[in-house]
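Colleague: I would like to see how this sequence folds:
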Amino acid sequence: MCESNVYLKKDNKEELIMENVAAISPIGNDTFILKGLLGESMEVKAIIEDINLMGHKIILKAL
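Modeller: Coordinates of the predicted model:
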């Protein structure tokens with residue numbers, strides 16, 4: 001499996017916001033749609049801080 005967990009970083013704390021994310025699509029300035037393995041989706045306003053493909057972890061920094 002190639003899915004990753006996405007964390008939102010606020011005030012130097014990481015919060016898991018979605019598990020098993022299969023795709024991330026930009027939809028505007030600093031806004032992304034996260035798409036899950038089972039079809040769920042979430043819109044988040046943030047910037048990409050780190051992507052660790054080997055660790056299956058993506059960190060987005062809240063704006």
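Colleague: Which stretches in the chain count as strands?
Modeller: 4-10, 13-28, 31-36, 41-52, 57-62 (DSSP state E).
Colleague: will you turn the ones you listed into a markdown table that also has mean neighbour count?
Modeller: Using the backbone N, CA and C atoms, a C-beta is placed for each residue, glycine as well. Shown next, in a markdown table, are those (neighbours: other C-beta atoms under 10 Å):
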| stretch | mean neighbour count |
| --- | --- |
| strand 4-10 | 18 |
| strand 13-28 | 13 |
| strand 31-36 | 17 |
| strand 41-52 | 13 |
| strand 57-62 | 18 |
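Colleague: now those strands as a markdown table including mean pLDDT?
Modeller: Listed next are those as a markdown table, based on pLDDT from 0 to 100:
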| stretch | mean pLDDT |
| --- | --- |
| strand 4-10 | 97 |
| strand 13-28 | 96 |
| strand 31-36 | 97 |
| strand 41-52 | 98 |
| strand 57-62 | 98 |
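Colleague: Tell me the spacing between the closest residue to D50 other than its chain neighbours and A23.
Modeller: Nearest non-adjacent residue to D50, counting by C-beta to C-beta, 6 or more residues apart in numbering: I59, 4.3 Å away. Look at I59 and A23: by C-beta to C-beta, to the nearest Å, they are 17 Å apart.
Colleague: now swap in E40 and tell me
Modeller: With the distance defined as C-beta to C-beta, E40 ends up 12 Å from A23.
Colleague: The residue nearest to D50 bridge partners, please.
Modeller: Y7, D50 (DSSP bridges).
Colleague: and it, what does it touch?
Modeller: 6-7, 9, 14, 48-51 (C-beta atoms under 8 Å, 6 or more residues apart in numbering).
Colleague: from those residues, which single one is nearest G28?
Modeller: The shortest approach to G28 among the contacts of I59 belongs to I48, at 14.2 Å (C-beta to C-beta).
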